[in-house]
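Asks: Below are the sequence and a predicted model; questions follow.
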Amino acid sequence: MTRPERAGQIVPLRRVEERRAASSDLSDEALLAACGVGDTAALGALFDRHHEAIYRLISRLLRTDASEIDDLVQQTFLAAWRAAKKFSSRGAVRSYLFGIAANTVRHHIRSSVRRRAALADIPPPPAAHPPDAATARAQELHRLAIALEQLPDDLRIVYVMCELEEVPGVEAARALGLRAGTLGRRLHEARRALREAIEGGTR
């Protein structure tokens, strides 16, 4: 991960790596608190610990190429570094990072004309008459992938966080800046839309 640079501060690489290794034993909360006072080694340790989960979340929210997802992961952690002092300690740091990642994706989508470009990358389900169990499952997953991509952003984000990443509803609502009731309503709407998309394809 590219480390943020601060004016007037040059830290030798070896020293940063030593501090990063030492930081790896700290809790997520301690690492985020250290980020709040400008500790880049703590940011590196936090990145090492959570970047795979953030990558997975973003790839589910935005179907695009790996390099673009990598850029958004970087942006997420830099945003977390800048906003670390705002963390309230009322939820998991992982959920807090998910909220920042979701906002990063929202901003990216709003400024991008390639919002639906990756739909073509979903492989067509294999043809079989009548379909066997494996083929039927592949067709169902294909319909689900398309339906998830076509959900409105606000519904897709809560579905991915709560259903796929298994973030507790209270933490997801807090991370996304939503009321619990609003999150519950959006999650219900997302489930219904996906269920109708899958069931509709079987008729």
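Replies: The structure has been received and is ready for your questions. Numbers count the residues shown, from 1 in each chain.
Asks: Residue 39 versus the most centrally placed residue in the chain, what's the distance?
Replies: In the chain, the C-alpha nearest the mean C-alpha coordinate belongs to residue 57, at 3.0 Å (Cα atoms, centre = their mean). Distance of residue 57 to residue 39, given as Cβ to Cβ, to the nearest Å: 24 Å. Just so you know, the C-beta spots here come from the backbone N, C-alpha and C atoms, and that holds for glycine as well.
Asks: What is the host helix or strand of residue 76 packed up against?
Replies: Using DSSP states H and E, residue 76 sits within helix 66-82. In terms of contacts (3 or more Cβ pairs under 8 Å, 6 or more residues apart in numbering; DSSP states H and E), helix 66-82 is packed against helix 28-36, helix 40-61, helix 93-110.
Asks: could you say what helices and strands the last one packs with?
Replies: Applying 3+ Cβ pairs under 8 Å, 6+ apart, we find helix 93-110 packed against helix 28-36, helix 40-61, helix 66-82, helix 153-159, helix 169-176.
Asks: What residues sit buried inside the second one?
Replies: Pointing back at helix 40-61 there. For helix 40-61, burial by neighbour count (16 or more other Cβ atoms under 10 Å) applies to 40-47, 49-51, 54-61.
Asks: for the spatially closest residue to residue 176 that is not a sequence neighbour, what are its contacts?
Replies: Excluding the flanking residues, the one nearest residue 176 by Cβ to Cβ, 6 or more residues apart in numbering is residue 99, at 5.3 Å. Contact analysis of residue 99 by Cβ atoms under 8 Å, 6 or more residues apart in numbering lists 172, 174-177.
Asks: Also residue 193?
Replies: Applying Cβ under 8 Å, 6+ apart, the residues contacting residue 193 are 147, 151, 155.
Asks: quick revisit: out of the contacts of residue 99, flag the one nearest to residue 192.
Replies: residue 172 (18.2 Å; Cβ to Cβ).
Asks: Burial check on residue 104, number of neighbours?
Replies: 24 (other Cβ atoms under 10 Å).
Asks: err, residue 86, not the other one
Replies: 10.
Asks: roughly how far apart are the closest residue in space to residue 106 that isn't next to it in sequence and residue 199?
Replies: Once flanking residues are discounted, residue 106 sits nearest to residue 153: 6.2 Å by Cβ to Cβ, 6+ apart. According to Cβ to Cβ, residue 153 stands 23 Å off from residue 199.
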